[in-house]
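A.B. asks: predicted model, plus sequence, below.
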Amino acid sequence: MSLLTQEQIDAFWRDGFLVVENAVTPQQLDALRSEFNMMIEESRAHSEDYGETLDGRARFDLEPGHTAERPALRRVQSPEEVSDIFLDTMRNAATVDMCADLLGPNLKFHHGKINSKQPGAATKVKFHQDFPFQPMTNDDMITALLFVDEVTLENGPLEVVAGTHRGPIFSLWHGGRFTGAVSDEVFETHESMLVKCTGPAGAVCLMHANLLHGSAPNLSDTSRTLYITTYYAEDAIELSPNHLPSRYTHELVRGEATGKVRCSTYEMEIPEKPSSTSFFDQQAAG
């Protein structure tokens, strides 16, 4: 039985995104918040990025200016590797079934991360599409942004440009460097069309991997934390090294393995794997 209505499915494929409330239960939401709050408390004891991911990079990414008194943990890479609560959410939340409604019954997990903007956090996300970071043989891929906190107009919401998932794949290379962001010209062309995605805690924004998006700094006194998981059609195969590998990457989370590969036609530049797990550093360097 589908969780999404036909109207919602049509809206997703028309606009490239869809916000749906109650993607997790209140109990799941409380557990996710509690777990992340413990991670924030742990971060107070560190002055630089720490922990280790599958490929040896730091798991916990601290925003510049982080202190014990004012912690600013801005990213946790692959939290499902170190937290049973996040692992269960990645596998079993209603979000996964919503993605299956959109992409088909056979679904795999690509990667997960927590992105958090603490009150007053200066970090912004420059505009980009996700697919150029993770090319596959086809682009049936969804980034699911679960609102662990309420997302408001003031605390740095996701900003998207509806319909751009049906347009060109924009270059993230400029001046011979992989910057992780589109050019100023591309951004300025689309700036007047931005849609801000807000909603209550427990909602999810389902976003096509080719949708142009970014976000502004959090200038409010409330946090804005997202658990971001990416799912893709089982018949897609990676064409470049995974930027954020996890021991759960390529896990079949719904349906069955078909033993087939499906290809779509597109052209794009091969991405560059960042030296850290945080593409915030990549964008800043660019």
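C.D. replies: On my side now, so go ahead.
A.B. asks: ok, which stretches of the chain are helices?
C.D. replies: Shown for the chain, the helices assigned by DSSP state H span residues 6-15, 26-43, 84-92, 94-103, 184-190, 279-285.
A.B. asks: tell me what angle the second one forms with helix 84-92.
C.D. replies: Going back to what we said before, that points to helix 26-43. Inter-element angle recorded for helix 26-43 and helix 84-92: 140 degrees (by axes from the mean of the first three to the mean of the last three Cα atoms, to 10 degrees).
A.B. asks: let the chain start at 35 from now.
C.D. replies: Okay, using 35 as the starting number, the last item reads as helix 60-77.
A.B. asks: in this protein, which helix or strand is least confident?
C.D. replies: For the chain, using mean pLDDT, DSSP states H and E, the weakest element among its helices and strands is helix 313-319, scoring a mean of 58.
A.B. asks: now for residue 72, how many residues are close by?
C.D. replies: Other residues near residue 72 come to 11 when the count uses other Cβ atoms under 10 Å. The way it works is simple: take the backbone N, C-alpha and C, and place the C-beta from them, glycine included.
A.B. asks: report pLDDT for it.
C.D. replies: pLDDT recorded at residue 72 is 98.
A.B. asks: and if you look at the one 5 residues further on?
C.D. replies: At residue 77, the pLDDT value in this model is 97.
A.B. asks: go through stretch 131-149 and flag the buried ones.
C.D. replies: 131-137, 140-149 (16 or more other Cβ atoms under 10 Å).
A.B. asks: distance of the residue in the chain sticking out farthest from the centre from residue 74?
C.D. replies: Distance from the C-alpha centroid of the chain peaks at residue 103, with 28.0 Å (Cα atoms, centre = their mean). Note on residue 103: its distance to residue 74, by Cβ to Cβ, to the nearest Å, is 13 Å.
A.B. asks: again, but for residue 232
C.D. replies: The gap separating residue 232 from residue 74 is 23 Å, by Cβ to Cβ.
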